[in-house]
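> kindly return the folded structure for what I paste below:
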Amino acid sequence: MQNQLKFTNTSRSQFFTTVRQRVDVYFKEQGISPHANSAMWLKAGFFLGGFFLLYGLLLSNQFNVWAMLGFSVGLGMFAAFIGFNISHDALHGAFSSKSWVNRMLGASFYLVGANPYVWKITHNIVHHTYTNIPGHDEDIEIAPGLIRVDTDEPVRPWQRYQHWYAFALYSLASLSWVFRKDFVKFFKKEIGHYENQNHPKQEYIKLFVAKLAYYFLFLILPYLVLDLSWWQIGIGFLVMHLVEGLVLGLVFQLAHVVEGTSFPVPSDKGSIEEAWAIHQLRTTANFAPRSAVAAFFCGGLNRQIEHHLFPKVCHIHYPALTQLVKQTAEDFNLPYLENRSFFSALHSHYRLLKLLGRPA
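Numbers count the residues shown, from 1 in each chain. From the prediction side, this is the model:
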């Protein structure tokens, strides 16, 4: 599978070589693995345990309808946190040095309602390589025709309000994943400009079996065991996914679609005249980097710069890497974008959407 887009290190920068050496020295001097430590395993246990506890309480049929609605909200949040903290690291091969452990934990992505195989193509390969490049990185195509982030795209009249309605669309993200997105991406001939064909036969089986299992566990089984009508089950399922989608959507958008991040356009020769690592610095931003709460719940995705440069390092180590990466960026006079808090990043995202929704 070939992609014509190339990164050309026109400045001959040694930034990535230097920062990688510093990170390697850190792990060697500390005598630790770049993979999960005991604290990371405890996090994984907490989020998985919380998810199954809420699911069990919901199916126990021992609570009133309002309590069960609350459990649905909790399930949506914990599904997103499992995606951030467990699935994401495992699917990058960052959780463990053992591939079978990563595969096992990567399967937790099915609890989010998503397909791990499709994710590894769209996210690990396409998004991490061609970050924020219109026409290549489909992760920034939030809702084509409704939300505009590509400045070459014509402005439509309704997009002047996109800084308001975008957040409602984010809430639909996981519903789209469950019922539409994985199927569309799986059978699409190209994702961006990445050839997306000749999938292994077992992945066809996994796609459909896992989806049917998800529909059974979260729609059919509750209908069979709970004293609720079909429409009440539907409302609970909808609420769970609106919460899950909003959490997922916000965290991912605040890393790449905020003021200061760039959306590079390839040259006429089909190249980005920048080293890949420097491209990551220009297209990615951290938020709330000093917040232990954000780091715990967002699975290190509040430190997206470190994640994009070192996707195979477990996020539990990102706090220690932040200063190394930031200092190296300063040494090479390169940008290091960050918003001090979640809310300042949210405001920055809002302002950028507002700007991009209007003619230049």
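
> which other helices and strands contact the longest helix anywhere in the chain?
Identified as the longest helix of the chain according to DSSP state H is helix 230-256. Packing contacts for helix 230-256, counted by 3 or more CB pairs under 8 Å, 6 or more residues apart in numbering; DSSP states H and E, involve helix 65-82, helix 162-170, helix 173-176, helix 221-225, strand 285-287, helix 342-356. Placement of C-beta: from N, CA and C, glycine included.

> right, so these: which one is the most enclosed?
Per residue and on average, the most neighbours among the helices and strands packed on helix 230-256 fall to strand 285-287, with a mean of 27 (mean count of other CB atoms under 10 Å).

> grab the nearest non-local neighbour of residue 223.
Closest residue to residue 223 apart from its sequence neighbours, by CB to CB, 6 or more residues apart in numbering: residue 233 at 5.0 Å.

> isn't that neighbour up against residue 222?
Yes - if you go by CB atoms under 8 Å, residue 233 and residue 222 touch, sitting 5.2 Å apart.

> turn the helices and strands packed on helix 230-256 into a markdown table, columns for mean pLDDT.
Formatted as a markdown table, the helices and strands packed on helix 230-256 follow (pLDDT from 0 to 100):
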| stretch | mean pLDDT |
| --- | --- |
| helix 65-82 | 97 |
| helix 162-170 | 93 |
| helix 173-176 | 92 |
| helix 221-225 | 96 |
| strand 285-287 | 96 |
| helix 342-356 | 95 |
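
> hmm, back to that, what is the neighbour count of the residue nearest to residue 223?
As a burial measure, residue 233 scores 20 neighbours (other CB atoms under 10 Å).

> and it, how far is that from residue 227?
11 Å (CB to CB, to the nearest Å).

> can you give me the strands in this structure?
Along the chain, counting by DSSP state E, strands occupy 6-7, 190-191, 194-195, 271-272, 285-287, 337-339.

> so which of these is nearest residue 218?
Of all those, strand 190-191 sits nearest to residue 218, with 26.9 Å by CB to CB.

> in the stretch 51-200 of the chain, where is pLDDT below threshold?
Along the stretch 51-200 of the chain, no part satisfies pLDDT under 70.

> quick one on the thing from earlier: just name the most buried of the strands of the chain.
Sorting the strands of the chain by mean neighbours (by mean count of other CB under 10 Å), the first place falls to strand 285-287, with a mean of 27.

> what strands line up against it, and which way round?
Strand 285-287 has its sheet partners listed here by DSSP bridges as strand 337-339 (parallel).

> contacts for the partner strand, please.
The contact list for strand 337-339, computed with CB atoms under 8 Å, 6 or more residues apart in numbering, reads 254, 258, 260-261, 281, 284-289, 305, 345, 348.

> chain center to it, what's the gap?
Relative to the centre of its chain, strand 337-339 is centred 18 Å away, using CA atoms, centre = their mean, to the nearest Å.

> what residues sit buried inside stretch 306-322?
306-311, 313-318, 321-322 (16 or more other CB atoms under 10 Å).

> for stretch 270-289, that is, sorry about that
Those would be 272, 274-289, for stretch 270-289 by 16+ other CB under 10 Å.

> over to stretch 127-146?
Of all the residues in stretch 127-146, those buried under the rule 16+ other CB under 10 Å are 127-134, 136-140, 142.

> go on, stretch 145-164?
Applying a neighbour-count criterion of 16+ other CB under 10 Å, one finds 147-150, 159, 162-163 buried in stretch 145-164.

> ends of that stretch, how far apart?
The first and last residues of stretch 145-164 sit 15 Å apart, counting by CA to CA, to the nearest Å.

> okay, the most centrally placed residue in the chain and residue 13: tell me how far apart.
Nearest to the mean C-alpha position of the chain, by CA atoms, centre = their mean, lies residue 252 at 5.0 Å. Counting by CB to CB, the separation of residue 252 from residue 13 is 27 Å.

> swap in residue 33?
The gap separating residue 33 from residue 13 is 29 Å, by CB to CB.

> neighbour count: the two, which is higher?
Between residue 33 and residue 13, counted using other CB under 10 Å, the more crowded position is residue 13 (16 against 13).

> list the contacts for the spatially closest residue to that one that is not a sequence neighbour?
Nearest residue to residue 13, sequence neighbours excluded (CB to CB, 6+ apart): residue 275, at 5.1 Å. Contact analysis of residue 275 by CB under 8 Å, 6+ apart lists 7, 9, 11, 13, 15-16.

> least confident pick among those residues?
Taken together, the contacts of residue 275 show their lowest pLDDT at residue 11, with 76.

> please name the residues that touch that residue.
Applying CB under 8 Å, 6+ apart, the residues near residue 11 are 274-275, 278.

> cool, and residue 298?
Contacts of residue 298 by CB under 8 Å, 6+ apart are 84, 251.

> quick check: it vs residue 59, distance?
Computed as CB to CB, the residue 298 to residue 59 distance reads 28 Å.

> quick one: residues contacting the residue nearest to residue 316 when sequence neighbours are not counted.
Sequence neighbours aside, residue 40 is the residue nearest to residue 316 in space, at 4.3 Å (criterion: CB to CB, 6+ apart). The contact partners of residue 40, by CB under 8 Å, 6+ apart, come to 89, 95, 314, 316.

> could I get the residues you listed as CSV with distance to residue 74?
Shown next, in CSV, are the contacts of residue 40 (distance: CB to CB, whole Å):
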residue, distance to residue 74
89, 22
95, 24
314, 26
316, 24
